[in-house]
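Visitor: I need the structure of the sequence given here:
(one chain, ligands or ions: 2)
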Amino acid sequence: MTQSDWRDFPALQQPTYPDQEELHAAVARLRALPPLVTSWEIEALKAQLAEAASGKRLLLQGGDCAESFDECSSDAIAGKLKVLLQMSLVMVHGTRRPVVRVGRFAGQYAKPRSKDTETKDGVELPCYRGDNVNGPAFTPEDRTPNPWRLVKGHERAALTLNFIRSLIDGGFADLHHPEYWNLGFVADSPNADRYLQIVEEIQDSISFMETIAGRHLGQTDRVDFFTSHEGLHLEAEAALTREVPRRDGLWNLSTHLPWIGKRTNDPDGAHVRYFATIRNPVAVKIGDDTEPDRLRRIMDILHPDDEPGRLVLVHRFGVQSVNEGLERLIECVQADGRQVVWVCDPMHGNTVTTASGRKTRHFDDILGEVERSIGVHERMGTHFGGVHFELTGEDVTECTGGARNLSENDLERAYRSQVDPRLNREQALEIALLVANRISKK
Ligand code: PEP
Ligand code: CO
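Guide: Numbering: from 1, shown residues only. Ligands and ions are numbered 1, 2, ... in the order given. A predicted model of the protein is given here:
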């Protein structure tokens with residue numbers, strides 16, 4: 001497969017732009033801009049994912065369903081980073097395994113939709129497809145796809161990543177100072193005591209080690225953080241796909257870990273074929289409608305050499321069908337013999353709509369799907385490789401349940417997502433505590 005052969009295959013979920021010339025001009029602009037990540041960071045992630053495939057590490061991937069240009073703010077970014085750091089801390093502590101941290105951020109701006117258009121009061125407009133494509137307001141101005149949004153999205157992603165890198169370099173993620181990660185919310189959370197106890201234990205072990213070693217432990221000053229987004233908008237992904245000096249092949253330098261959504265995982269579709277051309281580790285969403293034969297073909301195309309850390313399979317069955325569904329796909333991969341990272345997305349198979357029309361997910365279903373997935377791997381002798389959540393560092397009310405037992409009525413209070421419902425910061429921390437607990441019992 002060469003650089004552009006994917007263009008011969010059908011590309012689903014692409015916006016229809018009113019003006020192709022404008023699209024070409026915007027994509028040319030994108031092509032000329034510097035990338036966001038480097039090939040050596042991507043290789044470092046691949047090495048960590050190889051460890052996750054063999055059970056030595058866990059992947060924690062999380063962030064908004066869709067980022068928005070308006071929410072590219074200091075508080076929103078720091079909040080997400082904090083909650084992911086806290087979750088990874090309790091996972092490392094509870095499981096005694098290092099965690100690969102991957103944000104769904106700095107480029108999560110394009111969304112697949114089940115319908116092309118939306119009708120309200122007899123007016124039909126294109127669906128909202130993420131800020132990289134159009135705006136969420138139900139007006140012709142907002143909903144008409146505008147290709148210059150791609151350039152703005154690249155700039156917003158760069159601002160986001162720049163701030164994340166500065167926070168990490170400046171000591172935000174220093175294990176000597178986990179209190180930086182707290183700022184505010186943990187104190188009155190129902191899980192505060194458990195979290196603070198973990199933090200204290202970690203600080204004790206670090207100071208114990210430093211006393212023994214007689215010096216400051218350098219490795220604890222900073223942690224790795226990687227980015228991911230759905231590689232949905234193929235013109236945008238291709239514009240950031242580049243060669244690099246002294247390394248073979250092509251690299252998608254807009255993110256470390258692009259993924260293919262469930263609606264675009266057809267082995268004969270342009271997404272899978274484009275992903276075959278890049279050297280990044282790649283993730284593929286799979287679920288109830290993924291037949292073993294399709295999975296084998298996906299592996300043949302994306303994972304032909306069984307390169308360690310290359311392929312992440314993110315399954316999203318829903319709590320009701322994960323037992324049989326996952327077992328069937330694990331059998332398929334076992335029979336094939338290639339190594340993959342198995343990751344559980346307990347969000348997308350558990351979405352329900354309330355009587356008042358809100359999309360929500362119940363905490364117990366989310367936790368239940370993770371727990372069942374761990375159980376399936378235990379029975380089959382394979383490795384549970386990690387989790388993929390939709391979450392935010394803010395105090396929203398979008399998913400029901402959790403320690404505060406949010407009800408459907410609570411959803412009216414602080415429901416902000418334009419797309420899927422996210423775990424709020426307390427629910428996210430709680431699920432990390434419970435999942436770490438479940439894994440450590442192995
Ligand atoms: C998503 O991750 O937001 C998403 C759309 O997931 P899926 O492709 O699994 O439906
Ligand atoms: Co989503």
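Visitor: Would you agree residue 47 is in contact with residue 281?
Guide: No. The criterion here is Cβ atoms under 8 Å, and residue 47 misses it with residue 281 at 9.6 Å. Quick note: C-beta positions are derived from backbone N, CA and C, even for glycine.
Visitor: who has more neighbours, these two?
Guide: Counted by other Cβ atoms under 10 Å, residue 47 and residue 281 do not tie: residue 281 has more neighbours, with 27 against 13.
Visitor: what's the closest residue to ligand 1 within the stretch 201-350 of the chain in contact with, if anything?
Guide: Proximity of the stretch 201-350 of the chain to ligand 1 (Cβ to the nearest ligand atom) peaks at residue 261, 3.1 Å away. Listed by Cβ atoms under 8 Å, 6 or more residues apart in numbering, the contact set of residue 261 reads 13, 112, 230, 232, 271, 285.
Visitor: export those residues to a markdown table and tack on secondary structure and neighbour count?
Guide: Below are the contacts of residue 261 laid out as a markdown table (DSSP: H, G, I helix; E, B strand; the rest coil; neighbours: other Cβ atoms under 10 Å):
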| residue | secondary structure | neighbour count |
| --- | --- | --- |
| 13 | coil | 22 |
| 112 | coil | 16 |
| 230 | strand | 27 |
| 232 | coil | 28 |
| 271 | helix | 29 |
| 285 | strand | 23 |
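Visitor: can you list those in JSON lines and add pLDDT?
Guide: Output for those, formatted as JSON lines (pLDDT from 0 to 100):
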{"residue": "13", "pLDDT": "98"}
{"residue": "112", "pLDDT": "98"}
{"residue": "230", "pLDDT": "98"}
{"residue": "232", "pLDDT": "98"}
{"residue": "271", "pLDDT": "98"}
{"residue": "285", "pLDDT": "98"}
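Visitor: And these, which is closest to residue 424?
Guide: The closest of these to residue 424 turns out to be residue 230 (Cβ to Cβ; 22.2 Å).
Visitor: For the closest one, give its distance to residue 154.
Guide: 15 Å (Cβ to Cβ, to the nearest Å).
Visitor: Then residue 176?
Guide: Distance from residue 176 to residue 154, by Cβ to Cβ: 35 Å.
Visitor: who has more neighbours, those two?
Guide: residue 154 (24 against 16).
Visitor: Quick one, grab the pLDDT at the more buried one.
Guide: For residue 154, the pLDDT comes out at 98.
Visitor: Looks to me like it is in a helix.
Guide: Yes. Assessed with DSSP: H, G, I helix; E, B strand; the rest coil, residue 154 lies in a helix.
Visitor: How about stretch 369-387, which residues are buried there?
Guide: Buried positions in stretch 369-387, judged by neighbour count with 16 or more other Cβ atoms under 10 Å: 369-374, 376-377, 382-387.
Visitor: Which member of those residues is positioned nearest residue 328?
Guide: residue 376 (10.1 Å).
Visitor: How about the secondary structure of that closest one?
Guide: Per three-state DSSP, residue 376 ends up helix.
Visitor: isn't it right next to residue 328, touching?
Guide: No. Using Cβ under 8 Å, residue 376 is not in contact with residue 328; the gap is 10.1 Å.
Visitor: Name all residues that make contact with the residue nearest to the spatial centre of the chain.
Guide: Centroid-nearest residue in the chain, with Cα atoms, centre = their mean: residue 104, separated by 3.8 Å. Residues near residue 104 by Cβ under 8 Å, 6+ apart: 61, 62, 63, 64, 65, 67, 228, 229, 390.
Visitor: and those, which two are the farthest apart?
Guide: 61 and 67 (14.3 Å).
Visitor: Please say which of the two ends up with more neighbours.
Guide: residue 67 (27 against 23).
Visitor: Quick check on residue 360: phi, psi?
Guide: phi -140, psi 170 (degrees, to the nearest 10).
Visitor: mind listing the strands for the stretch 51-200 of the chain?
Guide: For the stretch 51-200 of the chain, the strands defined by DSSP state E, counting those that start in this stretch cover 58-63, 99-103, 117-120, 123-126.
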